[in-house]
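**Student:** Below are the sequence and a predicted model; questions follow.
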Amino acid sequence: MRKVYNLTLSPERELARSIKLITGYIPADLELYKIAFYHKSCVNERENGTPNNERLEFLGDAILSCVVGEYLYKKYPGGDEGFLTKMRSKIVKRQTLNEISEQMGLDLLLLKYNQTELSKSMLGNALEALLGAFYLENGYDKTRVFIIKKILRNQLDIEKLENQDDNYKSQLLEHCQKTGTKITYKVLQKFKKNKRDRFIVAVYLDNQKVATGEEYSKKSAEQIASRKALETLNTNSPEEE
């Protein structure tokens with residue numbers, strides 16, 4: 001009865017319908033799902049004591065990693081540990097989860113419950129928090145099915161990921177190792193934007209600043225700076241005859 005009420009009569013019925021559309025299940029505990037979309041930067045603007053989605057994010061991250069690990073183990077019976085680890089990393093990394101979250105429409109729910117500019121990292125965090133909430137309400141088996149059917153099979157091209165390498169920092173490091181170039185990263189500025197830390201990071205090659213990147217996390221800023229540095233190196237490299 002509670003699920004029927006949530007879907008038809010509840011003041012939060014639009015949330016219930018959104019969750020049903022995303023997961024295939026009608027939620028019973030709507031407050032739990034609302035918490036999944038409360039970002040910590042906006043909690044102070046609500047009533048004192050309102051939780052944010054960090055704990056649910058922690059839980060969802062663990063469950064997602066477990067399910068993806070099992071899925072890859074069965075999908076690639078000949079894959080060694082290194083290959084499986086690399087594939088799992090490609091799937092559960094922040095950029096991939098951000099893209100999946102946006103494709104599933106979680107950005108609309110974030111905008112509804114947070115009065116702030118959305119960052120890409122908030123999208124992936126919300127997806128993990130949603131998985132945490134779904135697990136608490138439905139248990140591991142249903143969460144596993146949800147992840148495999150709705151995320152791994154519907155939102156990802158696993159075969160394409162096999163040949164994809166968008167770890168720009170790793171690519172730049174490999175280039176520097178081959179050429180004997182010294183590479184260093186330096187945080188040029190850390191400041192607050194929308195009540196969150198934001199970083200400007202520079203990458204130096206042989207002590208010469210080549211590129212900078214700006215994002216809400218230091219690691220993301222480093223990736224942006226690395227990508228720009230690679231683009232600069234490719235542009236300045238001599239053309240093949």
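**Tutor:** Received the coordinates, thanks.
**Student:** can you list the domains in the protein?
**Tutor:** 2-162, 168-236 (automatic domain parsing).
**Student:** would CSV of these with mean pLDDT and mean neighbour count be doable?
**Tutor:** Using the backbone N, CA and C atoms, a C-beta is placed for each residue, glycine as well. Putting the domains of the chain into CSV (pLDDT from 0 to 100; neighbours: other C-beta atoms under 10 Å) gives the following:
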stretch, mean pLDDT, mean neighbour count
domain 2-162, 90, 17
domain 168-236, 91, 16
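**Student:** What separation is there between the spatially closest residue to residue 161 that is not a sequence neighbour and residue 155?
**Tutor:** Leaving aside its sequence neighbours, residue 161 sits nearest to residue 90 (C-beta to C-beta, 6 or more residues apart in numbering; 4.9 Å). Distance, residue 90 to residue 155, using C-beta to C-beta, to the nearest Å: 13 Å.
**Student:** just the strands in this protein please.
**Tutor:** Counting by DSSP state E, one finds strands in the chain at the ranges 183-193, 196-205, 208-215.
**Student:** Could you dump those into TSV and include distance to residue 83?
**Tutor:** Shown next, in TSV, are the strands of the chain (distance: least, C-beta to C-beta, whole Å):
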stretch	distance to residue 83
strand 183-193	26
strand 196-205	29
strand 208-215	29
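**Student:** quick one: which of these is nearest residue 42?
**Tutor:** Nearest to residue 42, of all the strands of the chain, is strand 196-205, at 9.9 Å by C-beta to C-beta.
**Student:** in its sheet, what does the closest one sit against?
**Tutor:** According to DSSP bridges, strand 196-205 forms sheet pairs with strand 183-193 (antiparallel), strand 208-215 (antiparallel).
**Student:** closest to residue 26 out of the strands of the chain?
**Tutor:** strand 196-205 (33.4 Å).
**Student:** Mind listing residues that contact the closest one?
**Tutor:** 41, 119, 172, 176, 181-192, 209-218, 221-222, 224-226, 229 (C-beta atoms under 8 Å, 6 or more residues apart in numbering).
**Student:** now the helices for the protein?
**Tutor:** 2-8, 13-23, 30-35, 54-75, 81-92, 94-103, 106-113, 120-146, 158-162, 168-179, 218-236 (DSSP state H).
**Student:** Can I get these in CSV including distance to residue 196?
**Tutor:** Output for the helices of the chain, formatted as CSV (distance: least, C-beta to C-beta, whole Å):
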stretch, distance to residue 196
helix 2-8, 32
helix 13-23, 24
helix 30-35, 19
helix 54-75, 13
helix 81-92, 22
helix 94-103, 15
helix 106-113, 14
helix 120-146, 9
helix 158-162, 29
helix 168-179, 22
helix 218-236, 12
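**Student:** The residue lying closest to residue 105 once chain neighbours are set aside: what's it in contact with?
**Tutor:** With C-beta to C-beta, 6+ apart as the criterion, residue 105 has its nearest non-adjacent residue at 6.8 Å, and that residue is residue 22. Applying C-beta under 8 Å, 6+ apart to residue 22 gives the contacts 104, 105, 106, 130, 150.
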